[in-house]
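S.K.: got a predicted model here, sequence first, then my questions.
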Amino acid sequence: MTNNRNSLLGRDADITVDKQQGMRNVGRKSVSYLVKMGFFTAEKDLPKQERHMIYIMGAEDVSEDFRGKILAVIKRPAKERLLFVAAPEGKLYCEQQIRECLGFYERQYKSDFEFFMTIVCGMILVKDYGDKIRFLLAEDKKTKKVSFIKDVINYGESEKQASVRVVNYYTGIKPDVDDFKTEYTLGTPEGKKQKTIMYFGTYTERKLRIPEDCSFRTINLEFDQAIRSLDDPQERILLMEAKEHYDKKRKGNSGV
(Lines give C-alpha, C1' and ligand atoms only; values in the text may rest on other atoms or scores of the structure.)
Protein backbone atom coordinates (compact mmCIF):
# COMPACT_ATOMS: atom_id res chain seq x y z
CA MET A 1 0.00 0.00 0.00
CA THR A 2 1.54 3.31 -1.10
CA ASN A 3 1.68 6.33 1.20
CA ASN A 4 1.19 8.72 -1.72
CA ARG A 5 -1.78 10.91 -0.74
CA ASN A 6 -3.29 11.15 -4.19
CA SER A 7 -2.98 7.48 -5.12
CA LEU A 8 -6.25 6.46 -3.42
CA LEU A 9 -8.16 9.71 -2.96
CA GLY A 10 -11.51 9.34 -4.73
CA ARG A 11 -10.89 5.68 -5.56
CA ASP A 12 -13.19 2.76 -4.75
CA ALA A 13 -11.83 0.21 -2.27
CA ASP A 14 -12.88 -2.97 -0.48
CA ILE A 15 -13.06 -2.23 3.25
CA THR A 16 -13.52 -4.40 6.33
CA VAL A 17 -15.15 -3.04 9.49
CA ASP A 18 -13.36 -3.97 12.72
CA LYS A 19 -14.62 -1.38 15.21
CA GLN A 20 -18.26 -0.47 15.67
CA GLN A 21 -19.59 2.96 16.47
CA GLY A 22 -19.60 3.60 20.22
CA MET A 23 -16.72 1.24 21.04
CA ARG A 24 -14.02 2.48 23.43
CA ASN A 25 -10.60 3.36 22.09
CA VAL A 26 -8.07 0.81 23.33
CA GLY A 27 -5.38 3.39 24.00
CA ARG A 28 -7.72 6.02 25.47
CA LYS A 29 -10.57 4.49 27.44
CA SER A 30 -12.28 7.86 27.84
CA VAL A 31 -12.74 8.17 24.06
CA SER A 32 -15.46 6.38 22.09
CA TYR A 33 -15.56 6.10 18.31
CA LEU A 34 -18.28 8.31 16.86
CA VAL A 35 -18.07 6.44 13.54
CA LYS A 36 -17.19 2.91 12.55
CA MET A 37 -13.55 2.04 11.90
CA GLY A 38 -11.99 -0.37 9.47
CA PHE A 39 -9.08 -1.24 7.21
CA PHE A 40 -8.46 -2.22 3.58
CA THR A 41 -9.67 -5.80 3.08
CA ALA A 42 -6.47 -6.54 1.12
CA GLU A 43 -4.54 -5.97 4.39
CA LYS A 44 -6.55 -8.55 6.35
CA ASP A 45 -3.57 -10.90 6.74
CA LEU A 46 -1.23 -8.16 7.97
CA PRO A 47 -0.61 -7.55 11.70
CA LYS A 48 -3.02 -4.92 13.05
CA GLN A 49 -0.26 -2.38 13.61
CA GLU A 50 0.63 -2.52 9.90
CA ARG A 51 -2.88 -1.94 8.57
CA HIS A 52 -4.09 1.47 7.41
CA MET A 53 -6.82 2.79 9.69
CA ILE A 54 -10.01 4.00 7.99
CA TYR A 55 -12.78 6.15 9.46
CA ILE A 56 -16.09 5.02 7.93
CA MET A 57 -18.87 7.60 7.56
CA GLY A 58 -22.49 6.92 6.64
CA ALA A 59 -22.14 3.19 7.28
CA GLU A 60 -25.13 2.61 9.58
CA ASP A 61 -26.31 -0.36 7.48
CA VAL A 62 -22.82 -1.82 6.92
CA SER A 63 -21.88 -4.75 9.16
CA GLU A 64 -18.54 -6.14 7.98
CA ASP A 65 -17.18 -6.02 4.42
CA PHE A 66 -18.29 -3.41 1.88
CA ARG A 67 -17.23 -1.46 -1.19
CA GLY A 68 -16.56 2.20 -0.46
CA LYS A 69 -14.96 5.38 -1.77
CA ILE A 70 -11.96 7.13 -0.19
CA LEU A 71 -13.08 10.68 0.63
CA ALA A 72 -10.13 12.01 2.63
CA VAL A 73 -6.52 11.25 3.45
CA ILE A 74 -5.15 12.15 6.89
CA LYS A 75 -1.52 12.72 7.82
CA ARG A 76 -0.59 12.94 11.49
CA PRO A 77 2.72 14.79 12.05
CA ALA A 78 4.36 12.00 14.09
CA LYS A 79 2.92 9.05 12.15
CA GLU A 80 4.40 7.64 8.94
CA ARG A 81 1.34 5.61 7.94
CA LEU A 82 -1.56 7.56 6.42
CA LEU A 83 -5.14 7.32 7.69
CA PHE A 84 -8.20 7.43 5.45
CA VAL A 85 -11.87 8.40 5.49
CA ALA A 86 -14.31 6.34 3.45
CA ALA A 87 -18.04 5.99 2.87
CA PRO A 88 -20.20 3.30 1.21
CA GLU A 89 -20.92 3.63 -2.51
CA GLY A 90 -23.40 6.37 -3.34
CA LYS A 91 -22.53 8.55 -0.33
CA LEU A 92 -20.33 11.64 -0.58
CA TYR A 93 -19.16 13.81 2.30
CA CYS A 94 -17.29 17.08 1.89
CA GLU A 95 -14.58 18.79 3.96
CA GLN A 96 -17.05 20.50 6.30
CA GLN A 97 -18.87 17.29 7.18
CA ILE A 98 -15.71 15.25 7.66
CA ARG A 99 -14.04 17.82 9.91
CA GLU A 100 -17.16 18.17 12.03
CA CYS A 101 -17.42 14.40 12.39
CA LEU A 102 -13.76 13.61 13.10
CA GLY A 103 -12.71 16.71 15.01
CA PHE A 104 -13.33 14.82 18.24
CA TYR A 105 -10.19 12.77 17.63
CA GLU A 106 -7.90 14.18 14.94
CA ARG A 107 -7.86 17.68 16.46
CA GLN A 108 -5.51 16.52 19.22
CA TYR A 109 -2.94 15.37 16.67
CA LYS A 110 -3.09 18.58 14.60
CA SER A 111 -3.66 16.32 11.62
CA ASP A 112 -3.38 17.49 8.03
CA PHE A 113 -6.32 16.55 5.76
CA GLU A 114 -6.71 16.29 2.01
CA PHE A 115 -10.26 15.93 0.68
CA PHE A 116 -11.90 14.40 -2.38
CA MET A 117 -14.82 16.85 -2.42
CA THR A 118 -14.77 20.53 -1.51
CA ILE A 119 -17.57 23.08 -1.33
CA VAL A 120 -17.44 26.46 -3.04
CA CYS A 121 -19.99 29.13 -2.07
CA GLY A 122 -20.90 32.34 -3.81
CA MET A 123 -23.72 34.53 -5.01
CA ILE A 124 -25.44 35.57 -8.20
CA LEU A 125 -25.64 39.32 -7.63
CA VAL A 126 -28.40 41.34 -9.27
CA LYS A 127 -28.98 45.10 -9.35
CA ASP A 128 -32.29 46.62 -10.47
CA TYR A 129 -32.01 49.60 -12.80
CA GLY A 130 -35.74 50.16 -13.16
CA ASP A 131 -36.26 49.10 -16.75
CA LYS A 132 -33.69 46.29 -16.60
CA ILE A 133 -31.53 44.21 -14.27
CA ARG A 134 -27.77 43.75 -14.40
CA PHE A 135 -25.59 40.95 -13.06
CA LEU A 136 -22.29 41.50 -11.25
CA LEU A 137 -19.67 39.06 -12.54
CA ALA A 138 -15.94 38.49 -12.08
CA GLU A 139 -13.42 38.56 -14.93
CA ASP A 140 -10.05 36.95 -14.21
CA LYS A 141 -7.31 39.51 -14.92
CA LYS A 142 -4.97 36.92 -16.49
CA THR A 143 -7.21 34.44 -18.29
CA LYS A 144 -10.08 36.86 -19.00
CA LYS A 145 -12.53 34.10 -18.07
CA VAL A 146 -15.82 35.37 -16.65
CA SER A 147 -17.57 33.71 -13.72
CA PHE A 148 -19.70 34.38 -10.65
CA ILE A 149 -18.06 35.60 -7.44
CA LYS A 150 -17.36 32.54 -5.28
CA ASP A 151 -14.73 30.93 -3.05
CA VAL A 152 -14.14 27.93 -0.78
CA ILE A 153 -16.31 27.64 2.34
CA ASN A 154 -14.43 27.97 5.64
CA TYR A 155 -14.69 25.37 8.38
CA GLY A 156 -17.48 26.29 10.80
CA GLU A 157 -19.40 28.47 8.35
CA SER A 158 -22.87 27.81 7.04
CA GLU A 159 -23.27 27.91 3.26
CA LYS A 160 -25.16 31.19 3.49
CA GLN A 161 -22.57 32.76 5.79
CA ALA A 162 -19.80 31.77 3.39
CA SER A 163 -21.64 33.25 0.40
CA VAL A 164 -22.13 36.59 2.16
CA ARG A 165 -18.51 36.65 3.42
CA VAL A 166 -17.10 35.97 -0.04
CA VAL A 167 -19.17 38.72 -1.67
CA ASN A 168 -18.38 41.21 1.05
CA TYR A 169 -14.64 40.47 0.99
CA TYR A 170 -14.23 40.74 -2.77
CA THR A 171 -16.62 43.64 -3.45
CA GLY A 172 -17.42 45.43 -0.19
CA ILE A 173 -21.10 44.75 -0.90
CA LYS A 174 -23.48 43.78 1.89
CA PRO A 175 -26.03 41.92 -0.22
CA ASP A 176 -29.72 41.45 0.44
CA VAL A 177 -29.67 37.65 0.32
CA ASP A 178 -32.63 35.83 -1.18
CA ASP A 179 -33.61 32.52 0.42
CA PHE A 180 -33.39 30.96 -3.03
CA LYS A 181 -30.22 29.00 -3.79
CA THR A 182 -29.04 26.46 -6.32
CA GLU A 183 -26.22 23.92 -6.35
CA TYR A 184 -24.37 21.53 -8.63
CA THR A 185 -21.42 19.14 -8.43
CA LEU A 186 -18.75 18.77 -11.11
CA GLY A 187 -15.40 17.05 -11.47
CA THR A 188 -12.17 19.06 -11.31
CA PRO A 189 -9.08 18.71 -13.55
CA GLU A 190 -7.35 17.00 -10.60
CA GLY A 191 -9.98 14.24 -10.54
CA LYS A 192 -11.74 15.50 -7.42
CA LYS A 193 -15.30 16.73 -6.91
CA GLN A 194 -16.39 20.31 -6.34
CA LYS A 195 -19.83 21.16 -5.05
CA THR A 196 -20.86 24.71 -5.90
CA ILE A 197 -23.62 26.43 -3.93
CA MET A 198 -24.88 29.77 -5.22
CA TYR A 199 -27.34 32.03 -3.43
CA PHE A 200 -29.26 34.75 -5.23
CA GLY A 201 -28.87 38.28 -3.91
CA THR A 202 -29.44 41.94 -4.74
CA TYR A 203 -27.36 45.00 -3.91
CA THR A 204 -27.64 48.79 -3.95
CA GLU A 205 -24.05 49.99 -3.37
CA ARG A 206 -22.85 52.50 -5.96
CA LYS A 207 -19.13 52.01 -5.39
CA LEU A 208 -17.43 48.65 -4.93
CA ARG A 209 -14.41 48.12 -2.68
CA ILE A 210 -12.14 45.57 -4.36
CA PRO A 211 -9.03 44.26 -2.52
CA GLU A 212 -5.76 45.45 -4.09
CA ASP A 213 -4.47 41.89 -4.52
CA CYS A 214 -7.70 40.64 -6.09
CA SER A 215 -7.12 38.39 -9.12
CA PHE A 216 -10.24 39.54 -10.94
CA ARG A 217 -12.12 42.68 -11.84
CA THR A 218 -15.88 43.05 -11.58
CA ILE A 219 -18.09 43.69 -14.58
CA ASN A 220 -21.74 44.76 -14.53
CA LEU A 221 -23.66 43.25 -17.46
CA GLU A 222 -27.20 42.91 -18.71
CA PHE A 223 -28.48 39.38 -19.24
CA ASP A 224 -27.70 39.08 -22.96
CA GLN A 225 -24.12 40.27 -22.44
CA ALA A 226 -23.66 38.19 -19.30
CA ILE A 227 -24.77 34.88 -20.80
CA ARG A 228 -22.42 35.38 -23.76
CA SER A 229 -19.54 36.21 -21.42
CA LEU A 230 -19.80 33.26 -18.98
CA ASP A 231 -17.37 30.45 -19.83
CA ASP A 232 -18.96 27.66 -17.78
CA PRO A 233 -22.11 26.13 -19.36
CA GLN A 234 -23.40 25.31 -15.88
CA GLU A 235 -23.13 28.96 -14.87
CA ARG A 236 -25.11 29.98 -17.94
CA ILE A 237 -27.90 27.73 -16.66
CA LEU A 238 -27.69 29.40 -13.25
CA LEU A 239 -27.87 32.82 -14.90
CA MET A 240 -31.06 31.81 -16.69
CA GLU A 241 -32.50 30.58 -13.37
CA ALA A 242 -31.63 33.90 -11.74
CA LYS A 243 -33.19 35.95 -14.54
CA GLU A 244 -36.42 33.93 -14.38
CA HIS A 245 -36.50 34.22 -10.59
CA TYR A 246 -36.02 37.99 -10.52
CA ASP A 247 -38.29 38.65 -13.48
CA LYS A 248 -41.08 36.98 -11.52
CA LYS A 249 -40.26 39.00 -8.40
CA ARG A 250 -40.22 42.28 -10.34
CA LYS A 251 -43.58 41.52 -11.95
CA GLY A 252 -45.00 40.66 -8.54
CA ASN A 253 -43.70 43.90 -7.03
CA SER A 254 -45.14 45.95 -9.90
CA GLY A 255 -48.59 44.40 -9.41
CA VAL A 256 -48.70 42.93 -12.92
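M.R.: Here it is on my side, so go on. Not measured: the values here are computed from a predicted model. Numbers count the residues shown, from 1 in each chain.
S.K.: contacts, neighbours, all on C-alpha from now
M.R.: OK.
S.K.: wait, isn't Ala162 in contact with Asn154?
M.R.: Yes - applying C-alpha atoms under 8 Å, one finds Ala162 in contact with Asn154, separated by 6.9 Å.
S.K.: just the element for the residue positioned nearest the centre of the chain, please.
M.R.: Centroid-nearest residue in the chain: Ile119, 1.2 Å away (criterion: C-alpha atoms, centre = their mean). Assigned by DSSP states H and E, Ile119 belongs to strand 117-128.
S.K.: partners of that strand in the sheet?
M.R.: Strand 117-128 has the following sheet partners, assigned by DSSP bridges: strand 133-140 (antiparallel), strand 149-152 (antiparallel), strand 193-202 (parallel).
S.K.: just the residues contacting it, thanks.
M.R.: Strand 117-128 is contacted from outside by 71, 92-95, 133-137, 148-153, 159-160, 162-164, 166-167, 175, 192-204, 239, 242, using C-alpha atoms under 8 Å, 6 or more residues apart in numbering.
S.K.: domain parsing for this protein?
M.R.: Here the domain parsing of the chain from automatic domain parsing is 5-115, 118-254.
S.K.: quick one: average pLDDT of the last one?
M.R.: With pLDDT averaged residue by residue, domain 118-254 scores 92.
S.K.: okay, now Asp140: neighbour count?
M.R.: Other residues near Asp140 come to 15 when the count uses other C-alpha atoms under 10 Å.
S.K.: excluding chain neighbours, what is closest to it?
M.R.: Spatial nearest neighbour of Asp140, excluding adjacent residues (C-alpha to C-alpha, 6 or more residues apart in numbering): Phe216 at 4.2 Å.
S.K.: residues of the longest helix along the chain that come out buried?
M.R.: Longest helix in the chain, counting residues (DSSP state H): helix 233-254. Within helix 233-254, the residues scored as buried using 16 or more other C-alpha atoms under 10 Å are 235-236, 238-239, 242-243, 246.
S.K.: can you tell me how far Leu9 is from Lys193?
M.R.: As for Leu9, its distance to Lys193 is 11 Å (criterion: C-alpha to C-alpha, to the nearest Å).
S.K.: how about the contacts made by Cys96?
M.R.: Check again: residue 96 is Gln, not Cys. Gln96 is in contact with 154-156, counting by C-alpha under 8 Å, 6+ apart.
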